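# output the structure for:
(one chain, ligands or ions: 1)
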Amino acid sequence: MKLCVALDLPTAKENLNLAKMLKNENIWLKVGLRSYIRDGNFFIEELKQISTNFKLFLDLKIYDIPNTMADASESIAKLGVDMFNIHASSGKKAMVTVMNRLSQIKSPPMVLAVTALTSFDETSFSAVYEKSIEKKATQFAIDAYQSGLNGVVCSVYESRVIKEKTTQNFLTLTPGIRPFGEETQDQKRVGTLKTAKDEMSDFIVVGRPIYEANDPLGITKRILENI
Ligand code: C5P
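Below is the predicted model of the structure:
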């Protein structure tokens, strides 16, 4: 299991300071929409220069017509990030087109599919997708697997079922982790490190429990010792 630290601080400077603090650790860093739109490729380059230990996950949740998604994926691959994500609801044709385009590139990044956004409740989800979250999220995961993606972003409580319906090697990246039972804040279905292990999560995403801690390096080391 790998630790992916969410760089969700309000400014590039604060995110870079956090990365500098963690530079000796073997971790993944998650760069989201806000940072990427504001700080762009320069920010990605700066992260890479802080440490070669870092692996980068660009969390842009791409969704468009297949050819546009493939073009965007090719550009993302050229940034030299290690993983990015696309929406499974863009459809199998879009996912296959993305993977075909990336297959023409040397050492392409891994691609994960977003299944159901956790901001949906059952009512708002079925207004868009006309199915229950569980049914549709599992179907999206199967679609992503059949389209050749490397894995999915999902709740820690869906990880095991998704692996059972695809293969053990199909990656699951699970946000909403409170490693040692910290405050849940606005997260709904949170799990601890133990839950993540039991549910066979491949990547845990941890943001606030690290960057809001008094000692972000200390808690990061403690997480790494326990995974
Ligand atoms: O601070 P916290 O650990 O709750 O941050 C979790 C990170 O994972 C945030 O960047 C959040 O946007 C992201 N995320 C999530 N739930 C999802 C998908 C992404 O919390 N379903």
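# contact partners for whichever residue of the chain sits closest to the ligand?
Proximity of the chain to the ligand (CB to the nearest ligand atom) peaks at residue 207, 2.6 Å away. (C-beta placed from N, C-alpha, C; glycine too.) The contact partners of residue 207, taken as CB atoms under 8 Å, 6 or more residues apart in numbering, are 5, 6, 8, 30, 175.
# how close does it sit to residue 5?
7 Å (CB to CB, to the nearest Å).
# cool, and residue 123?
33 Å.
# who has more neighbours, those two?
Legend: neighbour count by other CB atoms under 10 Å for residue 123 and residue 5, higher for residue 5 (26 against 7).
# the longest strand in this protein is where?
strand 55-62 (DSSP state E).
# what distance separates it from the centre of its chain?
7 Å (CA atoms, centre = their mean, to the nearest Å).
# which strands border that strand, and is each parallel or antiparallel?
strand 28-32 (parallel), strand 83-87 (parallel) (DSSP bridges).
# of the contacts of residue 207, select the buried ones using a ChimeraX command.
Those of those that count as buried under 16 or more other CB atoms under 10 Å are selected in ChimeraX with:
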select :5,6,8,30,175
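# of the contacts of residue 207, which ones also sit close to the ligand?
Among the contacts of residue 207, the ones lying near the ligand by CB under 6 Å from any ligand atom are 6, 8, 175.
# alright, I will stop here.
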